[in-house]
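1. Using only what follows, build the 3D model:
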Amino acid sequence: MTDIQKFLSDSRRIVKQEYADYGERYDGIQASRKIMTLFVKNNQGLAELPESLADYWFTTFVSNSPDPANEPTEEHMEKIAALHSFLNNEEEETDSLDKKDWKEIARLVNFEAEALPIGTLSEMMSMLLSKKAL
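-> Purely as a prediction, here's the structure:
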């Protein structure tokens, strides 16, 4: 199991546990916030970039959902897993991100650039260039 698959599995487990604990009172916002916490915890050492990407995911996909109480959808789980893949320099797992997502990722990376390790920043910039986000 890859790191990304484990993250996705752990995220699904959070949703499943929330359903088991709360049943009809399931709160998709609460489950999504727990996934955000997992995302940040799994991507430590990258300044504030993981928090910024998690906030982007939450704001763009979860809170703007027509049915936020039933978030995260499978599509939105794949989005946060793709963001996790980006932070782990695994380009092949980022297919669910579209051009708008890549532009926002580039903006957030540029904002955090000075605080990121140079090797990691270089890898991120290479991927952003390959995705035509810069």
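
2. immediately after the helix or strand harbouring Thr37, which helix or strand?
-> Assigned by DSSP states H and E, Thr37 belongs to helix 28-42. Of the helices and strands lying after helix 28-42 in sequence (DSSP H and E), the nearest is helix 49-57.

3. Now do that next one: which elements does it pack against?
-> helix 28-42, helix 74-87, helix 99-112 (3 or more Cβ pairs under 8 Å, 6 or more residues apart in numbering; DSSP states H and E). (C-beta placed from N, C-alpha, C; glycine too.)

4. what's the offset of the longest helix along the chain from the middle of its chain?
-> Criterion DSSP state H: the longest helix present in the chain is helix 3-22. Counting by Cα atoms, centre = their mean, to the nearest Å, helix 3-22 is centred 14 Å from the centre of its parent chain.

5. Might you list the low-confidence residue ranges for this structure?
-> Scanning the chain for pLDDT under 70 picks out no residues.

6. Helix, strand, or coil at the residue lying farthest from the centre of the chain?
-> Distance from the C-alpha centroid of the chain, by Cα atoms, centre = their mean, peaks at Glu24 (26.4 Å). Under DSSP: H, G, I helix; E, B strand; the rest coil, Glu24 falls in the helix class.
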